[in-house]
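J.: Need coordinates for the following:
(chains A and B)
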2 protein chains.
Amino acid sequence: MDKAAIDYSLYLVTDRDLIGNKDFAETVEEAIKGGVTLVQIREKNLSTLEFFQLALGIKEIAKKHSVPFIVNDRVDIALAVDADGVHIGQEDIPLTVARKLLGPTKIIGVSVSTLKQALAAQHEGADYLGIGAVFPTTTKNDADHVSLKDLQEIKAEVTVPVVAIGGINKNNIHNVMATGVDGAAVVSAIIACSDPYEAAVHLCRVMKV
Amino acid sequence: MDKAAIDYSLYLVTDRDLIGNKDFAETVEEAIKGGVTLVQIREKNLSTLEFFQLALGIKEIAKKHSVPFIVNDRVDIALAVDADGVHIGQEDIPLTVARKLLGPTKIIGVSVSTLKQALAAQHEGADYLGIGAVFPTTTKNDADHVSLKDLQEIKAEVTVPVVAIGGINKNNIHNVMATGVDGAAVVSAIIACSDPYEAAVHLCRVMKV
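T.: Numbering: from 1, shown residues only, chains lettered A, B, ... in the order given. Okay, here's the model as predicted:
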């Protein structure tokens, strides 16, 4: 995988609690068909076995569609299913430790909410930054708030790709992308929709100027 | 580390919720000084960063006293702190996957509660088996019950070391060891005591015939 060529523009983060009666794997596959460019599996309160099995299934779908597949937090799961990388937060395994375990070719994204954290993560070798929450979100209760102005300022100061996250939907994704970031991460705006394919198609359309 | 030479006899499993006002690291160190022969860190509901930091500290103490140090469930944490191994349950990462990630020299223990599970784990390369719960326990709510008779039968059928677990304390540890198992794993019988050193010394004394 050529890390420099990764398209971060429509970045899907999973949350099985929002999927409702839909099938997990099918929801992710429909979203990819609709235009999602990268998938991160982020599932809390699962046993390691359940998370491993879920990751194994989604990895195959992502691979089939040549979309990068990233595991939230769990370096062991990422290694176990040979994912393309991990996404870690400030309360997860330190970036330098994750890098040592995953090696130089895997993607490591880091959640940051301040310029200081952003520069530190970039310095330590993050491949991209997840910045948020740009809007109030119900899918991550502990997220700090980052205004679109802050987002734009951080984006201007770093060289690695920046993905905005937090409450992004079809009504505000255009404003997010207008800050110059490389992508928008969405959870409920795709996962919670009855038609994830259409939701992704629509987001792709309205995110562009 | 010579896996064949490991002393499983007094196997400590941590639980920070039972430590009370005592210091975590000091409690483990006192227990080792009192006679604990192996330490497994088993902590739920911690962030990955907190678990990593806790593991890093306990690993140093175990190393200082030349006692094997094992991480429950999390292969990534075990790799990150270069622990001596992991202990996995039936709801954790599959044994064959864990072995691939950890390599042949690390210890992998597996929790089982039936002969069938015991033989499967041994066949797949488990270095030892944790069998229980032999007595009612409050530290693991989902544990199946295994009678001392069942324990003895399983021990007789396998070649790998067997450690009994579940509600073991100074009053029943002698009966547990009398089944012929290689060790007894304790949690509250050491961790919850005001003097973990004395608790370990006493357990060592009464476990022997």
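J.: switch to C-alpha atoms for all contacts and neighbour counts from now on
T.: Fine.
J.: which parts of chain A sit against chain B?
T.: A:47-50, A:52, A:73-76, A:79-80, A:91-94, A:97-98, A:101 (Cα under 8 Å from any Cα of the partner chain).
J.: at 10 Å what do you get?
T.: By Cα under 10 Å from any Cα of the partner chain, the residues of chain A that approach chain B are A:45-53, A:73-81, A:88-94, A:97-98, A:100-101.
J.: I'd like to know which of the residues you listed are part of helices.
T.: Among the residues of chain A next to chain B, DSSP state H puts A:48-53, A:75-80, A:97-98, A:100-101 in helices.
J.: Now the buried members of the residues of chain A next to chain B.
T.: Burial by neighbour count, 16 or more other Cα atoms under 10 Å in any protein chain shown: within the residues of chain A next to chain B this picks out A:48-49, A:51-53, A:73-81, A:88-90, A:92-94, A:97-98, A:101.
J.: May I see the buried residues of stretch A:175-194?
T.: Per 16+ other Cα under 10 Å, stretch A:175-194 contains these buried residues: A:176-177, A:179, A:181-193.
J.: Show the model's pLDDT score for residue A:209.
T.: As predicted, residue A:209 sits at a pLDDT of 58.
J.: could you point out which element follows the helix or strand encompassing residue A:150?
T.: Residue A:150 is part of helix A:148-157, with elements assigned from DSSP states H and E. Helices and strands here follow DSSP H and E; after helix A:148-157, the next one along the chain is strand A:162-165.
J.: That following strand: which residues count as buried?
T.: A:162-165.
J.: between those, which is nearest residue A:128?
T.: residue A:162 (5.8 Å; Cα to Cα).
J.: what's the closest one in contact with, if anything?
T.: A:8-9, A:109-111, A:118, A:127-131, A:151-152, A:154-156, A:180-184 (Cα atoms under 10 Å, 6 or more residues apart in numbering or on different chains).
J.: quick revisit: from the buried residues of strand A:162-165, which single one is nearest chain B?
T.: Minimum distance to chain B across the buried residues of strand A:162-165 is 20.7 Å, recorded for residue A:165 (Cα to the nearest Cα).
J.: Who does residue A:69 form a beta bridge with?
T.: Residue A:69 has the following beta-bridge partners by DSSP bridges: residue A:39.
J.: Near the nearest residue to residue A:24 once chain neighbours are set aside, how many other residues are there?
T.: Spatial nearest neighbour of residue A:24, chain neighbours left out: residue A:16 (6.9 Å); criterion: Cα to Cα, 6 or more residues apart in numbering or on different chains. Burial measure for residue A:16: 18 neighbouring residues, criterion other Cα atoms under 10 Å in any protein chain shown.
J.: Please enumerate the strands of chain A.
T.: Secondary structure of chain A (DSSP state E): strands at A:10-13, A:38-41, A:69-72, A:85-88, A:107-112, A:128-132, A:162-165, A:183-186.
J.: From the contact counts, what lies against the last one?
T.: Applying 3 or more Cα pairs under 10 Å, 6 or more residues apart in numbering or on different chains; DSSP states H and E, one finds that strand A:183-186 contacts strand A:10-13, strand A:38-41, strand A:128-132, strand A:162-165, helix A:173-177, helix A:196-207.
J.: in the last one, what counts as buried?
T.: When burial is assessed from 16+ other Cα under 10 Å, helix A:196-207 yields the following buried residues: A:196-201, A:203-204, A:206-207.
J.: Adding distance to residue B:136 as columns, could you present the residues you listed in CSV?
T.: Below are the buried residues of helix A:196-207 laid out as CSV (distance: Cα to Cα, whole Å):
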residue, distance to residue B:136
A:196, 47
A:197, 50
A:198, 53
A:199, 51
A:200, 51
A:201, 55
A:203, 54
A:204, 56
A:206, 59
A:207, 57
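J.: Return the closest of the residues you listed with respect to chain B.
T.: Distances from chain B to the buried residues of helix A:196-207, taken by Cα to the nearest Cα, are shortest for residue A:196, at 30.2 Å.
J.: mind listing what the nearest residue to residue A:20 once chain neighbours are set aside touches?
T.: Nearest non-adjacent residue to residue A:20, counting by Cα to Cα, 6+ apart: residue A:192, 7.2 Å away. Applying Cα under 10 Å, 6+ apart, we find residue A:192 in contact with A:14-22, A:27, A:199.
J.: Now distance to residue B:2 and pLDDT too, for the residues you listed, in TSV please.
T.: Below are the contacts of residue A:192 laid out as TSV (distance: Cα to Cα, whole Å; pLDDT from 0 to 100):
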residue	distance to residue B:2	pLDDT
A:14	43	97
A:15	43	96
A:16	43	94
A:17	45	94
A:18	48	95
A:19	48	95
A:20	50	93
A:21	51	95
A:22	50	97
A:27	48	98
A:199	56	98
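J.: Max pairwise distance over these: which two?
T.: Largest pairwise distance in the contacts of residue A:192, by Cα to Cα, is 17.8 Å, between A:17 and A:199.
J.: How about the nearest residue to residue A:8 once chain neighbours are set aside: which residues does it bridge to?
T.: Spatial nearest neighbour of residue A:8, excluding adjacent residues (Cα to Cα, 6+ apart): residue A:183 at 5.0 Å. With DSSP bridges as the criterion, residue A:183 is bridged to residue A:163.
J.: any idea how far residue A:183 is from chain B?
T.: The spacing between residue A:183 and chain B, counted by Cα to the nearest Cα, to the nearest Å, is 26 Å.
J.: For residue A:68, state which of the contacts of residue A:192 is nearest.
T.: Closest to residue A:68, out of all of the contacts of residue A:192 and judged by Cα to Cα, is residue A:14, at 13.9 Å.
J.: residues in contact with the closest one?
T.: Residue A:14 neighbours (Cα under 10 Å, 6+ apart): A:24, A:27-28, A:39-43, A:72, A:139, A:186-188, A:190-192.
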